[in-house]
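*Asks:* From the sequence below, what's the structure:
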Amino acid sequence: MANAASDGTEECRRPHTWPTNTDIPSSTSTSMQCRRTQPHVSRVTADSVSFTWDPVVDIGDGAGIDYFVAGMDHYTSWLTIDGGSQRLQLLSTPEPRTITQSGMSPLDIACVHVQAVDRVENASAEQVACSRALATPPMPAWTAFASRVAANPGPAGLVGLGSWFWLDPSPRGLTIHEKDRGTDYSITATPRSAAWDFGDGVTASLPGPRGYGRAYPEQSPVTHVYEAHNQAGYIVRASVRYEVTWTAVLGGLTVGPYPMGAFVQEAIPLRYPVQQAQPELLRI
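*Replies:* Prediction:
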């Protein structure tokens with residue numbers, strides 16, 4: 001075990017009986033001063049957690065930034081799950097390592113335990129860091145995507161004349177920030193494509209920004225020519241497909257993005273009358 005010192009280091013006490021004083025170098029005492037070997041999360045996914053730690057710099061000459069008078073030798077590290085006593089992936093290594101627990105459920109808590117050991121088996125206090133795997137956050141209720149179908153010419157089209165359509169406002173990405181079980185999530189919906197139904201049996205599907213059309217007076221890539229008049233109006237519908245991803249911030253570390261699925265947002269439809277153009281005799 002170790003006691004905290006006033007300078008932020010620890011007194012790392014020997015874990016066993018020392019040899020006689022005649023066998024101990026004069027520069028060595030019966031305790032050593034060491035800075036905490038604090039582990040931290042290096043990566044988190046939806047079903048795994050990885051930990052690592054910074055190395056203790058020590059050459060064993062008892063001066064400067066030395067922490068262990070006898071010189072740094074190795075680290076002993078292991079994992080526990082859900083507060084259990086079983087030491088998983090127990091290993092001694094000369095350098096810090098990355099240790100990963102995979103196959104976790106959102107309810108599991110993995111903890112890494114690390115001790116720094118010098119050349120005469122003095123060990124630092126056991127340092128621990130814990131983390132859950134990241135559960136996929138709840139899907140938000142996306143309510144900020146209220147586009148409507150717009151057209152030119154308007155308010156009515158003409159048989160045989162191409163009509164231009166677009167979504168107003170044009171679909172855009174949106175990020176919502178949520179907190180779930182103590183974790184900060186950013187959930188982003190990105191528009192990917194649009195499907196159109198022009199109300200006369202003709203449909204179209206266009207990817208990316210082309211699918212959302214362009215507002216007049218720009219020429220819209222979403223066009224349609226009606227072949228029959230309809231005084232009551234065709235019902236023009238459009239729907240936008242959004243892909244959703246999420247990221248999370250855990251212990252100052254941003255992880256992701258991870259796919260979360262997709263949803264389709266219906267635009268407000270347009271009733272679009274189409275008239276038959278009639279020739280007029282202007283002069284005989």
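*Asks:* Quick one: end-to-end length of stretch 130-146, please.
*Replies:* 43 Å (Cα to Cα, to the nearest Å).
*Asks:* Name the residues of that stretch that are buried.
*Replies:* Buried residues in stretch 130-146, counted by 16 or more other Cβ atoms under 10 Å: Cys130, Ser131, Arg132, Ala133, Leu134, Ala135, Thr136, Pro137, Pro140, Phe145. C-beta here means a position set from N, CA and C on the backbone, and glycine is covered the same way.
*Asks:* in the sheet, who's paired with Ala195?
*Replies:* Ser205, Ser239 (DSSP bridges).
*Asks:* Need the per-residue pLDDT for it.
*Replies:* pLDDT for Ala195: 98.
*Asks:* Same question for Leu174.
*Replies:* 92.
*Asks:* tell me the contacts of the nearest residue in space to it that is not next to it in sequence?
*Replies:* Leaving aside its sequence neighbours, Leu174 sits nearest to Ala189 (Cβ to Cβ, 6 or more residues apart in numbering; 5.3 Å). By Cβ atoms under 8 Å, 6 or more residues apart in numbering, the contact set of Ala189 is Trp142, Phe145, Gly173, Leu174, Thr175, Ile176, Tyr242, Glu243, Val244, Phe263.
*Asks:* Ala189 falls within a strand, correct?
*Replies:* Yes. Under DSSP: H, G, I helix; E, B strand; the rest coil, Ala189 sits within a strand.
*Asks:* Does the spatially most central residue of the chain belong to a helix, a strand or coil?
*Replies:* Computing the C-alpha centroid of the chain and ranking residues by Cα atoms, centre = their mean puts Thr247 first, at 1.7 Å. Secondary structure for Thr247, judged by three-state DSSP, is strand.
*Asks:* Just the pLDDT for Ala70.
*Replies:* Confidence score, pLDDT, at Ala70: 65.
*Asks:* Could you grab the helix/strand/coil label for Gly154?
*Replies:* Applying three-state DSSP: Gly154 is coil.
*Asks:* how much space is there between it and Asn230?
*Replies:* Per Cβ to Cβ, to the nearest Å, Gly154 is found 15 Å from Asn230.
*Asks:* So which residues of the stretch 51-200 of the chain form strands?
*Replies:* Secondary structure of the stretch 51-200 of the chain (DSSP state E, counting those that start in this stretch): strands at 72-81, 88-93, 99-101, 109-118, 127-132, 148-152, 157-158, 162-168, 174-180, 183-197.
*Asks:* between those, which one is nearest to Pro269?
*Replies:* strand 148-152 (5.8 Å; Cβ to Cβ).
*Asks:* Low-confidence stretches in the stretch 151-284 of the chain?
*Replies:* The model of the stretch 151-284 of the chain has pLDDT under 70 over residues 251, 279-284.
*Asks:* Alright, I will stop here.
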